[in-house]
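K.L.:
when you get a sec, could you give me coordinates for this:
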Amino acid sequence: MGEAFLNINSIPASSVVLDGKPIGSTPKVRISVPPGNHTVVFVNAEQGLRKSVQVSVAAGDIKPVIGKLRE
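P.N.:
Numbers count the residues shown, from 1 in each chain. This next block holds a predicted model:
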């Protein structure tokens, strides 16, 4: 089946929850995930900002995920 990768970043910097598991603060580079659909939640508690992003990746993909918490 292979693996896929996510490059995760946000503006402003934030904590990241990937598929319900905290993985630390942005930026995160080359996070290995199984192919398929994933949910990335960006949280900046200091500024009261939160954004959820759905992403789909195929085996072998390296996909950027950018959280723009202020639109």
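
K.L.:
helix or strand for the residue nearest to Gly2 when sequence neighbours are not counted, just tell me which one.
P.N.:
Leaving aside its sequence neighbours, Gly2 sits nearest to Ala59 (Cβ to Cβ, 6 or more residues apart in numbering; 3.2 Å). In this view, the C-beta of every residue, glycine as well, is placed from N, C-alpha and C. Assessed by DSSP states H and E, Ala59 sits outside every helix and strand.

K.L.:
quick check: phi and psi on Gln54?
P.N.:
When read as degrees, to the nearest 10, the backbone of Gln54 gives phi -90, psi 140.

K.L.:
er, Thr26 I mean
P.N.:
Given degrees, to the nearest 10, the pair of backbone angles that Thr26 has is phi -70, psi 150.

K.L.:
distance of the closest residue to Asp61 other than its chain neighbours from Val43?
P.N.:
Distances taken as Cβ to Cβ, 6+ apart put Ala4 closest to Asp61, at 4.7 Å, once the chain neighbours are dropped. Look at Ala4 and Val43: by Cβ to Cβ, to the nearest Å, they are 23 Å apart.

K.L.:
report the contact partners of the residue nearest to Gly2.
P.N.:
For Ala59, the contact set (Cβ atoms under 8 Å, 6 or more residues apart in numbering) comprises 1-4, 35.

K.L.:
per-residue confidence for the spatially closest residue to Ser32 that is not a sequence neighbour?
P.N.:
Once flanking residues are discounted, Ser32 sits nearest to Glu3: 5.1 Å by Cβ to Cβ, 6+ apart. Glu3 is assigned a predicted lDDT (pLDDT) of 94.

K.L.:
Glu3: what's it in contact with?
P.N.:
Glu3 neighbours (Cβ under 8 Å, 6+ apart): 32-35, 59-60.

K.L.:
top of those residues by neighbour count?
P.N.:
Neighbour tally across the contacts of Glu3 (other Cβ atoms under 10 Å): the maximum, 18 neighbours, falls on Val33.
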